[in-house]
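[1] Please find the sequence and the predicted model below.
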Amino acid sequence: MSYVKVSQLAKHFGDVTVFEEIDFTIEKGEFITLLGPSGCGKSTLLRSLAGLNQVDAGEIWVDQENITDTAPQSREIGMVFQSYALFPNMTVLDNVAFGLKMKGINKAKARAEAKSMIELVELDGKEQFYPRELSGGQRQRVALARALVVKPRILLLDEPLSALDAKIRKSLRLQILKIQRELNLTTVFVTHDQEEAMLLSDRIFLMNEGAIVQQGKPEDIYTKPVNEFVASFMGHYNLIEAETANQWFNLDSQQKVAIRPESIYIREAGRQYGDHISVAKQGTVLSHQLLGNVIRYSIEVEQKALTVDLLNRSSERLMAAGSSLELMFNLNEIQPVRA
Amino acid sequence: MDNNNLFFHKSVVYGLSGLLFIPILATLIYSFSSSWGATMLPDGFTFKWYTQLLTDPRFLEAFGRSLFICISSLILAMVLVLPMIFVVFYYYPALDKVMNILILLPFAVPPVVSSVGLLQLYADSSVQLVGTPWILIGTYFTIALPFMYRAISNSFTSINLRDLVDAAHLLGASTTKAYLLIILPNLKKGLLASTFLSFSFLLGEFVFANILVGTRYETLQIYLYNMRQTSGHFTSALVMTYFAFIFVCTWLATRFSKGNE
């Protein structure tokens, strides 16, 4: 049996359904991301795992134990909040040692364990600082140490990086991943940032409107979206009506198809393309956006605007609006999607 | 031109504060002078009035009574308000709006009106309350309530109450422990500031004390009122002593509200 098993979990606030029929399993040591737009129910689901919200139906099992109605105090689940939720009246050391103190572990031992955890998050020397004296990234690392020191069975991270600036966010997420691997921690991470989710996760549970619409490895979710929502949330997929797609690619699809912008080629004279990259279409450049390493073109093909991403190899290749060109499609990357 | 402006601003500010300080200064000088009648300057300076005041057992008793009443009502307010605000903010956040209206009521009704109302209400009560300090403690509690509620609810909004309690729960703390170990220490600043503020306010309260209790339980303000016929030098010394005390309280309040950073 899996380490964590959630079945038929449902939660309502009055008449509003927050989530319904949630089923998933998590293996020990897995890094799972609950990904979805704001308001999709991912944070409430996370809080329900922690026991901070009651659920209306369904069961949560951890390590062969039904914890659906267990109080948060005895679930042995750690959580890191977006707002850090550090205790402002306590030093870093006291914050980290708090959970041990509540367990009744003696002071000297608690201090020693807290100290080694503070070292793990690379904050040694800051033990006597108060949270207000630390930067956002440091605070979040204290919060991480505080959650980890009690050796939780599951670590929950509720958008822990959202309040931080880009640079800190990037370094901290790698640090989280490193610690997670080191301690073989079963982790559930909540975010609305698909890049973060793909970078960190073993598996992603993509949520929308209170349901998990697709779960799987990051590469599968990214390359094989099951429906339009996943396609538009995970990337800048081009969605093409069934009729047009059937005509262009000689398919027999009842559904729309999704094509990733980076899987479309702009034909270069003299270059050989593989057998699966065949269909050529005439197009006109409408506009382009320079994203740094990538140039994102908007190209019109038979009155349909397509997004095409090209690596920004050299500035000479930048094509002005109005330029004519030929697009090549990789047939293996054309993905039928449900509405 | 900037300098001229600055000079103008400064002279207005200093001029006004000077003007406001003249009566206080005059009272101070008067309280130190042996006699100051038909002459421009006092005849001489003396500590006589202060010695007389501070050795008057009636003054010391009145002062003690005032302290007793103020401190009791503030303790009562604290014991009731702190858990109440926690319950309001943690369990029923929507009640905050209702509370904000409720706590203004003691101020909406003029003291003269509400004291007469209280007299009527408690005059026929089987428990003798009117004329005892207990009715005053109860009344002062309602006056302290708005100060306390405001300041403490501000402290509550400045901390992330729900997340802090949730974090404490997940680390194994009960709600009571979370309240005592985490929430309460963070309210210290607001609590102290509002306590000192209400304290200085209550110490100077006269209307309720006079109507509800009067001379049967002589507080500081009633004493001051009863002493109005005696020497002006003496009452000046009394007023200055009171001023000094309030000043220290206010100073402490601002110190605590600034925090200890």
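    Looks like it arrived, so ask away.
[2] Can you find which helix in the chain contains the most residues?
    In the absence of a named chain, chain A is used. Secondary structure of chain A per DSSP state H: the longest helix is helix A:166-183.
[3] actually it's chain B I care about, not the one you picked
    Max-length helix for chain B by DSSP H is helix B:57-90.
[4] mind listing what residue A:299 touches?
    A:283, A:284, A:285, A:286, A:305, A:306, A:307, A:308, A:325, A:327 (C-beta atoms under 8 Å, 6 or more residues apart in numbering or on different chains). No exception for glycine: its C-beta is placed from N, CA and C like everyone else's.
[5] Please report how far the spatially most central residue of chain A lies from chain B.
    With distances taken as C-alpha atoms, centre = their mean, residue A:197 lies nearest the centre of chain A, 2.4 Å away. According to C-beta to the nearest C-beta, to the nearest Å, residue A:197 and chain B sit 23 Å apart.
[6] if we can go back for a sec, what angle do the helix or strand following the longest helix of chain B and helix B:57-90 make?
    Reading on from helix B:57-90 to the C-terminus, the next helix or strand found by DSSP states H and E is helix B:95-102. Interaxial angle, helix B:95-102 versus helix B:57-90 (axes from the mean of the first three to the mean of the last three C-alpha atoms, to 10 degrees): 150 degrees.
[7] Next, the buried residues of helix B:95-102.
    residue B:99 (16 or more other C-beta atoms under 10 Å in any protein chain shown).
[8] moving C-terminal of it, what's the next helix or strand?
    helix B:105-108.
[9] what comes up buried for the following helix or strand past that following helix?
    For helix B:105-108, the following helix or strand on the C-terminal side (DSSP H and E) is helix B:111-123. For helix B:111-123, the neighbour count (16+ other C-beta under 10 Å) marks B:111, B:114, B:115, B:118, B:122 as buried.
[10] Just put these in CSV and tack on distance to residue B:190.
    Output for those, formatted as CSV (distance: C-beta to C-beta, whole Å):
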residue, distance to residue B:190
B:111, 26
B:114, 27
B:115, 29
B:118, 29
B:122, 32
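[11] between those, which is closest to residue B:6?
    residue B:111 (43.1 Å; C-beta to C-beta).
[12] what residues are up against the closest one?
    Contacts of residue B:111 (C-beta under 8 Å, 6+ apart): B:207, B:208.
[13] Tell me the pLDDT of it.
    pLDDT, residue B:111: 85.
[14] Name the residues that touch the strand ranked longest in chain A?
    Taking DSSP state E as the criterion, chain A has its longest strand at strand A:277-290. Strand A:277-290 is contacted from outside by A:248-250, A:265, A:267, A:295-302, A:305-306, A:312, A:318-331, using C-beta under 8 Å, 6+ apart.
[15] Show the buried residues in the residues you listed.
    With burial judged by 16+ other C-beta under 10 Å, the buried subset of those is A:248-249, A:265, A:295-299, A:301, A:306, A:325, A:327-330.
[16] Just the ones of the residues you listed in strands?
    A:265, A:295-299, A:301, A:306, A:325, A:327-330.
[17] Go through those residues and say which is closest to chain B.
    Set against chain B, the nearest of those by C-beta to the nearest C-beta is residue A:296 (38.5 Å).
[18] Three-state assignment for residue A:40, please.
    At residue A:40 the chain is in coil, as set by DSSP: H, G, I helix; E, B strand; the rest coil.
[19] Confirm for me that it is in contact with residue A:212.
    No - between residue A:40 and residue A:212 there is no contact under C-beta atoms under 8 Å: 9.7 Å.
[20] Check the burial of residue B:34 by counting its neighbours.
    12 (other C-beta atoms under 10 Å in any protein chain shown).
[21] Tell me the confidence at it?
    Looking at residue B:34, the pLDDT reads 80.
[22] wait, it sits on residue B:45?
    Yes - counting by C-beta under 8 Å, residue B:34 does reach residue B:45; the two are 6.8 Å apart.
[23] Name the residues that touch stretch B:74-82?
    B:137, B:141, B:144-145, B:148-149, B:152, B:184, B:187, B:191, B:195, B:198-199, B:202.
[24] average pLDDT across it?
    Per-residue pLDDT values across stretch B:74-82 average out to 91.
[25] quick one: low-confidence parts of chain A?
    Applying pLDDT under 70 to chain A flags the ranges A:316.
[26] now the helices: where do they sit in the chain?
    Assuming you mean chain A. Going by DSSP H, chain A shows helices at A:42-50, A:92-102, A:107-120, A:136-148, A:166-183, A:194-200, A:218-223, A:228-234, A:242-249.
[27] that's the wrong chain, I meant chain B
    Using DSSP H, helices in chain B cover B:2-32, B:48-55, B:57-90, B:95-102, B:105-108, B:111-123, B:133-158, B:161-170, B:175-178, B:184-203, B:207-208, B:220-226, B:232-258.
[28] Kindly compare burial across those and name the winner.
    Mean neighbours per residue, mean count of other C-beta atoms under 10 Å in any protein chain shown, is largest over the helices of chain B for helix B:161-170, with a mean of 22.
[29] tilt between that helix and helix B:57-90?
    Using the same axes, to 10 degrees, helix B:161-170 lies at 80 degrees relative to helix B:57-90.
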